[in-house]
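>>> Pasting a predicted model and its sequence here:
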Amino acid sequence: EPEVTQTPSHQVTQMGQEVILRCVPISNHLYFYWYRQILGQKVEFLVSFYNNEISEKSEIFDDQFSVERPDGSNFTLKIRSTKLEDSAMYFCASSEISRASGANVLTFGAGSRLTVL
Amino acid sequence: AQSVTQPDIHITVSEGASLELRCNYSYGATPYLFWYVQSPGQGLQLLLKYFSGDTLVQGIKGFEAEFKRSQSSFNLRKPSVHWSDAAEYFCAVGPNYGGSQGNLIFGKGTKLSVKP
């Protein structure tokens, strides 16, 4: 079964450092997403990406965050200057529009745990 | 405001017993509804989804869920729980239109423990 692959599985960084989280979406999917889950809290939407541009973003996704699809397979989330409160599990997801329903069905990766010290 | 409520933070059931996990939502229009499961160290796996039609939907691993519009609920059920079902379960709602938006709203999750 096709998978969404995320690397690294765990990253520890110092506050103020830049971090790049990488994702390889399912190959025929066209829509890509980042979510995050702070320990003990809800999974929260960060951003969606389609046709090489951001299609929607949440209030969490401020100027410190950026996304990129640098080539035909990778989808990255960059945090420019990490803060303690950025510590979380970050999930990448991809989707295609269902032909039957016209709806998105997201497939999530296993997540990248970011710890900011 | 749009929200998803899972009132039970932690549930423990005996293996072989039935299970019901509650989910209530507040949404401006008829949403798409999902249940995801997260095992330790794993990603979010889709159990089942409701888009339209029959309000009782079947999913993987023997799970089912029923959409009740009048109660704004989408409870997850399983008639006989297996030890391997121990995990965290998330209810989510999404916009009822196509396009690139995948802005799912998740509940806080219900952790399921299974007693032998």
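Looks like it came in fine.
>>> Can you list the residue ranges for strands in chain A?
A:5-7, A:10-13, A:19-24, A:31-37, A:43-50, A:53-57, A:65-68, A:75-79, A:88-97, A:104-108, A:112-116 (DSSP state E).
>>> Of these, which stretch is the most buried?
For the strands of chain A, average neighbour numbers computed from mean count of other C-beta atoms under 10 Å in any protein chain shown are highest in strand A:31-37, which has a mean of 25. All C-beta atoms are positioned from the backbone trio N, CA, C, and that covers glycine.
>>> Does that strand reach chain B?
Yes - using C-beta under 8 Å from any C-beta of the partner chain, strand A:31-37 reaches chain B at A:Tyr31, A:Tyr33, A:Tyr35.
>>> Give me the nearest residue to the second one, chain neighbours excluded.
I take that to be A:Tyr33. Of all residues not flanking A:Tyr33 in the chain, A:Ala93 sits nearest, at 4.3 Å (C-beta to C-beta, 6 or more residues apart in numbering or on different chains).
>>> who does the one you found bridge with?
A:Tyr33, A:Phe108 (DSSP bridges).
>>> just the residues of strand A:31-37 next to chain B now: which is nearest B:Pro116?
Taking C-beta to C-beta as the measure, B:Pro116 sits nearest to A:Tyr35 out of the residues of strand A:31-37 next to chain B, at 33.8 Å.
>>> For the closest one, give me its contacts.
By C-beta atoms under 8 Å, 6 or more residues apart in numbering or on different chains, the contact list for A:Tyr35 reads A:Val43, A:Glu44, A:Phe45, A:Leu46, A:Tyr90, A:Phe91, A:Ala93, A:Phe108, B:Leu104.
>>> so where's chain A uncertain?
Low-confidence regions of chain A, defined by pLDDT under 70, span residues A:97-103.
>>> check contacts around the residue most central in space within it.
Closest to where the C-alpha atoms of chain A average out (C-alpha atoms, centre = their mean) is A:Trp34, at 2.6 Å. Neighbouring residues of A:Trp34 by C-beta under 8 Å, 6+ apart: A:Leu21, A:Cys23, A:Leu46, A:Val47, A:Val67, A:Leu77, A:Tyr90, A:Phe91, A:Cys92, A:Ala93.
>>> Not counting residues beside it along the chain, what's closest to the third one?
Just to be clear, that refers to A:Leu46. In space, A:Leu46 is closest to A:Trp34, 4.3 Å off (C-beta to C-beta, 6+ apart).
>>> what about the one you found, distance to chain B?
Using C-beta to the nearest C-beta, to the nearest Å, A:Trp34 is found at 10 Å from chain B.
>>> could I have stretch B:28-46 exported to PDB, CA atoms only?
The C-alpha coordinates for stretch B:28-46 follow below in PDB (Å, rounded to 0.1, in the frame of the first residue of the first chain):
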ATOM      1  CA  GLY B  28     -21.500  25.200   9.700                       C
ATOM      2  CA  ALA B  29     -22.700  22.800   7.100                       C
ATOM      3  CA  THR B  30     -22.800  19.000   6.600                       C
ATOM      4  CA  PRO B  31     -19.200  18.000   6.900                       C
ATOM      5  CA  TYR B  32     -17.200  15.100   5.800                       C
ATOM      6  CA  LEU B  33     -16.500  12.900   8.900                       C
ATOM      7  CA  PHE B  34     -13.500  10.700   9.600                       C
ATOM      8  CA  TRP B  35     -12.100   8.400  12.300                       C
ATOM      9  CA  TYR B  36      -8.400   7.900  12.400                       C
ATOM     10  CA  VAL B  37      -6.300   5.600  14.600                       C
ATOM     11  CA  GLN B  38      -2.800   6.200  15.900                       C
ATOM     12  CA  SER B  39      -0.800   3.400  17.300                       C
ATOM     13  CA  PRO B  40       2.300   4.300  19.300                       C
ATOM     14  CA  GLY B  41       5.100   5.500  17.000                       C
ATOM     15  CA  GLN B  42       2.800   5.300  14.000                       C
ATOM     16  CA  GLY B  43       1.100   7.800  11.900                       C
ATOM     17  CA  LEU B  44      -2.600   8.500  11.600                       C
ATOM     18  CA  GLN B  45      -4.400   5.600   9.800                       C
ATOM     19  CA  LEU B  46      -7.800   6.200   8.300                       C
END
